[in-house]
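J.: Here's my sequence, what's the structure:
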Amino acid sequence: MAKPILMDFYTDWCGPCKQQAPIFEALAEKMKEVAEFKKINVDLEGDLAMEKGIFVVPTLILEKDGTEIKRWMGVASEKELADAINESLK
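T.: Here you go, the predicted model:
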């Protein structure tokens, strides 16, 4: 079974994205064995951002087996992200 993937859609100029970055990076370090973590700069990956329907940054999307499980718009806490990843592993 594939690992769940948590994607962080951000821009370099976005204040809330800068708040989300250390949370995302800390979680990625703690949970790297059970999930994949990808940071996606929407200024550089515009086609992917459009495909995923990203209109607000930061937006975080948790996917498993190619299906979106959960989406957060704005800054999300490490606990709520970790809880969603753990739930997806069941």
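
J.: can you map out the strands along this structure?
T.: 5-10, 36-41, 59-64, 67-73 (DSSP state E).

J.: Adding mean pLDDT, distance to residue 51 and mean neighbour count, write those strands out as JSON lines.
T.: Yep, even glycine has a C-beta here, placed from its N, CA and C like the rest. Below are those laid out as JSON lines (pLDDT from 0 to 100; distance: least, CB to CB, whole Å; neighbours: other CB atoms under 10 Å):
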{"stretch": "strand 5-10", "mean pLDDT": "98", "distance to residue 51": "11", "mean neighbour count": "23"}
{"stretch": "strand 36-41", "mean pLDDT": "98", "distance to residue 51": "11", "mean neighbour count": "16"}
{"stretch": "strand 59-64", "mean pLDDT": "98", "distance to residue 51": "11", "mean neighbour count": "20"}
{"stretch": "strand 67-73", "mean pLDDT": "97", "distance to residue 51": "12", "mean neighbour count": "15"}
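
J.: As a markdown table, these with distance to residue 89 would be great.
T.: Formatted as a markdown table, the strands of the chain follow (distance: least, CB to CB, whole Å):
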| stretch | distance to residue 89 |
| --- | --- |
| strand 5-10 | 12 |
| strand 36-41 | 13 |
| strand 59-64 | 9 |
| strand 67-73 | 11 |
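
J.: Show me what counts as buried in the longest helix anywhere in the chain.
T.: Longest helix in the chain by number of residues (criterion: DSSP state H): helix 15-31. By 16 or more other CB atoms under 10 Å, the buried positions in helix 15-31 come out as 17, 20, 21, 23, 24, 27, 28, 31.

J.: of those residues, closest to residue 44?
T.: residue 17 (13.4 Å; CB to CB).
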